[in-house]
Every structure is written in structure tokens, then in C-alpha cells.
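Colleague: The following block contains a protein sequence and its predicted model.
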Protein chains: 2
Amino acid sequence: MTVPREMFALVQKHDGYSGTSEGPQIDRLDRYIEATTLPTPEPADGQVLVKMRMASINPSDLHFIKGEYGKPREKGAPAGFEGVGEVVAGNGAHAESLVGKRVAFTVGENGSGAWSEYALTDAATCIPVRDDMRDEDAAGHVVNPLTAMAMFDIVGSTGSKSFIMTAANSQLCKLMTALGRDNDIAPIAIIRNEAQAQHLKDLGAKHVLDCTASDFATQMKQIIQAEKPRVMLDAVANQMSADVFAMMPNRARWVVYGILDPEPPALKEMGQLIFMQKQIEGFWLTRWFMSTAPEEQMRTIGEVQKRFVTGAWQTEVAETVRLGDAMSHLADALRSPNGKVMLIP
Amino acid sequence: MTVPREMFALVQKHDGYSGTSEGPQIDRLDRYIEATTLPTPEPADGQVLVKMRMASINPSDLHFIKGEYGKPREKGAPAGFEGVGEVVAGNGAHAESLVGKRVAFTVGENGSGAWSEYALTDAATCIPVRDDMRDEDAAGHVVNPLTAMAMFDIVGSTGSKSFIMTAANSQLCKLMTALGRDNDIAPIAIIRNEAQAQHLKDLGAKHVLDCTASDFATQMKQIIQAEKPRVMLDAVANQMSADVFAMMPNRARWVVYGILDPEPPALKEMGQLIFMQKQIEGFWLTRWFMSTAPEEQMRTIGEVQKRFVTGAWQTEVAETVRLGDAMSHLADALRSPNGKVMLIP
């Protein structure tokens, strides 16, 4: 296959960190990104060049282009952490063996982002995708599914028979809801928009609460009393999260994996850390990759593909935007609360 | 030995929890405590009656009488968790074997407190005291020394070569400072009163900082940069603690064991939980007793006695108050920041 010397891509306009912590909302994409044509990158040793089929946009991508993520931006480099595509070139034996294969991947150090016609990444992180897996599921194969599996393992390790999720309308929480349903661990979903309540119940949530309702605190207390959830998987990290954590029983763990609300929460019940053995911590998939044995990672990836192919999981797509339309359409598309936004070349 | 039928004691005026969280400051003792004469309690199976020699007053005692501790008050029952005395009666084989011995003890469930002429406690929790150990050291044998040992073990388990202490002027922190000195793990002491700075340095603190100084934040940042402490042992739990935690490096642990400041801290850097793998937790000695094997507890207790007898540790006494003078003198004595207050019959 001939690879063109230039490619169209959405590249970052800034270097490093912004110093802000606004969260992943995007008002205008052109504050952070510009569309441009740049030389198609060449694989270094151990890398592959991937012709993009579809990129899945995650909150981490938006945190990143805003300069609020766990690693610095690079001006002029294509954005986008995750996607699916066909390997068209490789450097090194393993990388070359992937040429012609459809792979799901994330972009690591020294790579080139997925919001582009071509992406560059490490062959070692590429996951060959089964033929019977849809692009829509393969594009988001890594970040959400592995996060869901890893965080659900935290729930399982505590022996708790229920767990709380905030911002539960996300694709990630839908995956975890299905895991709860399939493992008899009751998902308790906190949302801000009642419109999706029935859908979450259909997916397996035992309780769905609207945190903007006037009786939210009363209801939450009753449900916590009944279900005794010991883990809260939290994408919001705000005062509501802190207040729910204060309602939880002994040995509760508040696991923060996203900061949708930049307002700092006040901890009104510090004594619970002492007397109730509560704990506040974070989850970052990057750390999971570093601390989990490769065999265990492979086992988890196999389980992910199986769940998608059998329909135990399904990626819900809100909108699919062409790369060339992103500057005008993407910010609007991302305002939809009900599914993933995908980018296609 | 003849045991009188009645005893003089300082008893609690309230039941249960107060619902407040003011911290361990006491303005007037008579808000919480009254002096009275009541029947000397009789040991149930497994219990001993201890003729008090000296009770050591800890912040937990004050939290407790104010109704802000991890267990409910009991109106009319003597206060006081810890002390040293002579066993004068026992019920059951092990309890009887302790009669005539000087023991250090804490008062557990179904006991009767140490702010009294006689205390009642479980024989199993009594620690026979070496003859060469002073009453001043034996009176505070359990709570501070075991807390110091257990929390210092947390520091050791992280491999960190330094650690931060807040409210570092306490007897507990002096014990931990000496442990740091003796184990080449640099103690970084945060205080609010410069008067004790040199004394803490003499005990082994590598850095002593006054958190009320105008350049505190700048100094703290420099020291954290240089020493990279990964554990903060925190008795204050306020905004200053949260801000120092935010300065600490990757994998920092904020271990809260006291709430001297009831003002809830705001967590301005929730993202550090995710990207820097930081963690917030508590320490409670009661939990340590439940989760530590008896052999390990005995080993630690032996180590504690050895440290006191050899002079590696020394209990600093600010004032010794007679039980009969407590209602008028105790609140004043507790205002001294420089040492323990002891009660004697």
C-alpha cells in the first residue's frame, strides 16, 4: 500500500500545561486545535503506522488538548489517544507482522495522534481486532473497556455487593453497569439528566438518582442504608461526590477517575477517615498498564472483545464527525450527553 | 489489699455523640465532666480492677468527653482511656495472676475509666511494666507509643526517606521524631509556635517550620523538593494540611489521625489523586489492635519499654494534676503546649 507523504490532521495549538482546571467541556475547538496538513510520520523501531478507520473521543482527549491532563501537550502534534485502523507500515519484526491487520490502539510516548488520517504508535500496544467486532466497538476498545474492567475489579476486591457511579450516563458507566448486572453487584447510578434514567435501568442499574432533584440526599441515604455500597467510582470529584462519600458505610473507598467539575470539594467529615477507615484515591488507566502483568492484560483484552462480540456490551454512538468537518461541528457534537462521538477520515 | 466500696472519679455528664466537631480544645471541664463518688466497680470474668497511680491525658480523651470520638459517651461513667496502676483484684485465672503487678493499660468495652481512684479493664490488654520504667512513661505506654510505632511503620513501608508531621509539638510527634532520627528517615516538623523549634531539632527533626510564618509555603515547597517526603502524618486535618499534601510528590499519602482544626479542608488538586497516585486515608490505633497479630503487638510493646528505659524516648510532662483539683485546674493545665498533663489520685 502506498502511503502519501502528507496527511490531514487536527493538531494542538499549545505546548505543555495550561495551569487551568476547567474540566473536559469544549466551547470552541479552535481555542486548542487547528486543522492542517503535515508530513506523514515514519515508524521508528517498534512502531507502526496506522491508516485510521475511526477515532473514539474520550474525556481524557479533551482534558489533554486543554492542557489539564497528566502529560504535557506538544504544539503542532496531532491530538487523539485512541482509535482503530489498518496497519500500513511497521519497523521491526513484530511491527511488520501487523501490516495489513485491523488493530485497536492507543497512542503512547513518541507516537502521533489518532485525530488524523494516519496515526503512529507502538506495535506492542496494538490489539488485533476480531473480524466480527464493529469499528464502533473497536475504536473505543482500550480506554473505556479496560478502565471499566479494572475499576470493576476494585469493586470486586472489596467484596461489596453494590457500587456507586457518578456522571453515570457515560459510555464507561454503561459498560460498568452491564458488568454489575452480569456479576450480581448492584450498580447505583447518579446522573444529572433524568432523560437517560430508564435506559440505564434497562442496562442493569438497580437505582438511578438525579442529583439535581430536591430529595436527592434523602433518597441517596436510604439507598446507601439498604445497599451498603463500599466503592464510589467518581468522574465528577465535586461537593456532591464528597457528600455522598460521607453517607457511605465503614471502609468506603472514593475512587476518583475524572474531574468533570473543577470546583474543589470540602471534606466535612475528616473523622470518618480515622474512625470509619474510609479512603480517597484515584484511578488512572496508564498506571494500570504499568502495574498489571502482560498476561493479565491480554486476558482482560480477550474478555473485552468477547463482551462486545456477544452483545454483553455495545458502544452507543451519538454522532460520527468527519475529520474535515471537525473544526465547525465537533464542539457541538460533544454536547450530546447520550453516547460517544467518533471521528472518521 | 482492701478495696473501698466507693471511689472518687471524674464522670461524664452526657450520653452518646454531641454532633459537633469542635476538636479537642476544652474551655471549661464542667461542660462535660463532674467530680463525684460512686461505687467501686467489680471485675467481671477476664477483667481486673486497677488502683490508679497515674493517668495520661490524650487528645482522644478530650474528643471523647466532648462526644466527638469514634464511640459514644455514657453518662455517669468515669472518663479516661489510659494510665498505669496496681492490679488489686482480678476475675479469672489470667486476671488473678496480675494481682499485685504494676500494669499499663487502656480501658476497653465494659471497662471503667482511668480518671478515677480505680479503673476497670480487660486483663488481656494490661501490660506488666518493667521496674525500671517511670510512672510518667508507663502512664502513656499504649496510645502514643504504639501509635508512633504503627504510623512510623507506614512511613517505613513506603520506602520514603523523610516524612511530614503536623502539630509536631505533641508528645506523639516527639516520639516519631526520635524514631526518624534513629532510623535515618528525616522528620519534617510543622508547628504553630516557634518556641519549641529548637527542642524539636535537638530531638532529631531535620526541618522545623512555623505554619504561621509568611514564607511558610515557599519554604515548605523547597524542603519538599529536596526531601521528597511521601507520607504526611496529620493531626490537624485542615486547609494547611491539604495545601501541603498538594505540594508532595507522586504516591504521597496523607494519613489523618487527628482533627485539631474542625474547619473542613477543600481539595484543590483532585487530579493528583488520578495522575500522581496520591491517597488520603486515616489511622486509628483501635483498628491497629484489631488488625495486628498478638505476637507483633507484643514485639512492639517490648520495643516501646526498651526505648523508654534506655532513654531513646522520654515522656515530657507539662503538669501533674490531682483528681480532686481537676475541676478547677485541668482545663488550664491542658492549655500548655509543651508536654503531657497527668492525673494522679
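Modeller: That came through, no problem.
Colleague: can you tell me which helix or strand the residue of the stretch 101-250 of chain A found nearest chain B belongs to?
Modeller: Of the residues in the stretch 101-250 of chain A, the one nearest chain B is residue A:237, at a distance of 4.2 Å by CB to the nearest CB. For the C-beta atoms, the positions are set from N, CA and C on the backbone; glycine is no exception. With elements taken from DSSP states H and E, nothing contains residue A:237; it lies in neither a helix nor a strand.
Colleague: Compute the distance between it and residue B:269, please.
Modeller: Distance of residue A:237 to residue B:269, computed by CB to CB, to the nearest Å: 10 Å.
Colleague: Who has more neighbours out of the two?
Modeller: Of the pair residue A:237 and residue B:269, residue A:237 is the one with more neighbours under other CB atoms under 10 Å in any protein chain shown, namely 29 against 17.
Colleague: which ones are touching the more buried one?
Modeller: Listed by CB atoms under 8 Å, 6 or more residues apart in numbering or on different chains, the contact partners of residue A:237 are A:256, A:258, A:259, A:260, A:261, A:265, B:270.
Colleague: Pipe those into CSV and attach secondary structure and pLDDT per row.
Modeller: Output for those, formatted as CSV (DSSP: H, G, I helix; E, B strand; the rest coil; pLDDT from 0 to 100):
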residue, secondary structure, pLDDT
A:256, strand, 98
A:258, coil, 92
A:259, coil, 90
A:260, coil, 88
A:261, coil, 90
A:265, coil, 98
B:270, coil, 95
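Colleague: Widest-spaced pair of the residues you listed?
Modeller: Pairwise distances across those (CB to CB) peak at 13.5 Å, for the pair A:258 and A:265.
Colleague: From the rest of the structure, what touches the lowest-mean-pLDDT helix or strand in chain A?
Modeller: Of all regular secondary-structure elements in chain A, judged by mean pLDDT, DSSP states H and E, the least confident is helix A:285-291 with a mean of 90. Residues lying outside helix A:285-291 but in contact with it, judged by CB under 8 Å, 6+ apart, are A:70, A:142, A:143, A:146, A:147, A:150, A:297, B:277.
Colleague: quick one: which of these is nearest residue A:92?
Modeller: Closest approach between the contacts of helix A:285-291 and residue A:92, by CB to CB: residue A:297, at 20.3 Å.
Colleague: thinking again about what came up before, neighbour-wise, give me the winner out of the contacts of helix A:285-291.
Modeller: Neighbour counts for the contacts of helix A:285-291 peak at residue A:142, which has 24 neighbours (criterion: other CB under 10 Å).
Colleague: For the spatially most central residue of chain A, pull up the helix or strand it's in.
Modeller: The structure's chain A has its C-alpha centroid closest to residue A:144; by CA atoms, centre = their mean the separation is 4.1 Å. Using DSSP H and E, the secondary-structure element containing residue A:144 is helix A:143-158.
Colleague: just checking, what packs against that helix?
Modeller: For helix A:143-158, the contact count by 3 or more CB pairs under 8 Å, 6 or more residues apart in numbering or on different chains; DSSP states H and E identifies helix A:171-182, strand A:231-234, strand A:253-256, helix A:285-291, helix A:294-310 as packing neighbours.
Colleague: Lowest average pLDDT across the ones you listed?
Modeller: Looking at the helices and strands packed on helix A:143-158, the lowest mean pLDDT belongs to helix A:285-291 (a mean of 90).
Colleague: which of the residues in it are buried?
Modeller: Of all the residues in helix A:285-291, those buried under the rule 16 or more other CB atoms under 10 Å in any protein chain shown are A:285, A:287, A:288, A:289.
Colleague: Enumerate the residues of the stretch 1-150 of chain A near chain B.
Modeller: By CB under 8 Å from any CB of the partner chain, the residues of the stretch 1-150 of chain A that approach chain B are A:21, A:68, A:69, A:70.
Colleague: Domain-wise, how is chain A divided?
Modeller: Each domain of chain A is listed here as a residue range: A:6-140+A:315-344, A:145-284, per automatic domain parsing.
Colleague: So for the last one, first residue to last residue, what's the gap.
Modeller: As for domain A:145-284, its first-to-last residue distance stands at 13 Å under the measure CA to CA, to the nearest Å.
Colleague: Could you check how many residues crowd around residue A:275?
Modeller: Around residue A:275 sit 17 other residues, with neighbours defined as other CB under 10 Å.
Colleague: thought residue A:55 was touching residue A:82?
Modeller: Yes - under the criterion of CB atoms under 8 Å, residue A:55 is in contact with residue A:82, at a separation of 6.6 Å.
Colleague: re earlier: so how far is the least confident helix or strand of chain A off the chain centroid?
Modeller: Using CA atoms, centre = their mean, to the nearest Å, we find the averaged C-alpha position of helix A:285-291 to lie 14 Å away from the chain's own average C-alpha position.
Colleague: repeat for stretch A:165-180
Modeller: For stretch A:165-180, the distance from its own C-alpha centre to the chain's C-alpha centre is 11 Å (CA atoms, centre = their mean).
Colleague: which parts of it are buried?
Modeller: Counting neighbours by 16+ other CB under 10 Å, stretch A:165-180 gives A:165-180 as buried.
Colleague: Could you pull up the contacting residues of residue A:246?
Modeller: The contact partners of residue A:246, by CB under 8 Å, 6+ apart, come to A:268, A:269, A:272.
Colleague: what's near enough to touch the first one?
Modeller: To tie it back to what came earlier, the one meant is residue A:268. Residue A:268 makes contact with A:242, A:243, A:246, B:264 under the criterion CB under 8 Å, 6+ apart.
Colleague: and the first one, what does it touch?
Modeller: Contact partners of residue A:242, counting by CB under 8 Å, 6+ apart, are A:265, A:266, A:267, A:268.
Colleague: Tabulate the CA atom coordinates of stretch A:301-315 in PDB.
Modeller: These are the backbone C-alpha positions of stretch A:301-315, laid out as PDB (Å, rounded to 0.1, in the frame of the first residue of the first chain):
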ATOM      1  CA  ILE A 301      -8.500  -7.700  26.400                       C
ATOM      2  CA  GLY A 302      -9.800 -11.000  25.300                       C
ATOM      3  CA  GLU A 303     -12.700 -10.700  27.700                       C
ATOM      4  CA  VAL A 304     -13.400  -7.200  26.300                       C
ATOM      5  CA  GLN A 305     -13.600  -8.400  22.700                       C
ATOM      6  CA  LYS A 306     -15.900 -11.300  23.800                       C
ATOM      7  CA  ARG A 307     -18.300  -9.000  25.600                       C
ATOM      8  CA  PHE A 308     -18.600  -6.700  22.500                       C
ATOM      9  CA  VAL A 309     -19.000  -9.500  20.000                       C
ATOM     10  CA  THR A 310     -21.600 -11.300  22.100                       C
ATOM     11  CA  GLY A 311     -23.600  -8.100  22.700                       C
ATOM     12  CA  ALA A 312     -23.000  -8.100  26.500                       C
ATOM     13  CA  TRP A 313     -21.500  -4.600  25.700                       C
ATOM     14  CA  GLN A 314     -22.400  -2.200  23.000                       C
ATOM     15  CA  THR A 315     -20.800   1.100  22.200                       C
END
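Colleague: Export the domains of chain A to JSON lines and append columns for distance to residue B:332.
Modeller: Listed next are those as JSON lines, based on distance: least, CB to CB, whole Å:
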{"stretch": "domain A:6-140+A:315-344", "distance to residue B:332": "47"}
{"stretch": "domain A:145-284", "distance to residue B:332": "27"}
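Colleague: Residue A:204 and residue A:163, how far apart?
Modeller: 12 Å.
Colleague: where do the contact lists of those two overlap?
Modeller: Contact criterion CB under 8 Å, 6+ apart; residues bridging residue A:204 and residue A:163 by contacting each: A:180, A:187.
Colleague: out of the two, which sits in the busier spot?
Modeller: For residue A:204 versus residue A:163, neighbours defined as other CB under 10 Å are more numerous around residue A:163 (28 against 18).
Colleague: ok, that one - contacts?
Modeller: For residue A:163, the residues meeting the contact criterion (CB under 8 Å, 6+ apart) are A:155, A:176, A:180, A:185, A:186, A:187, A:188, A:229, A:230, A:231, A:232, A:233.
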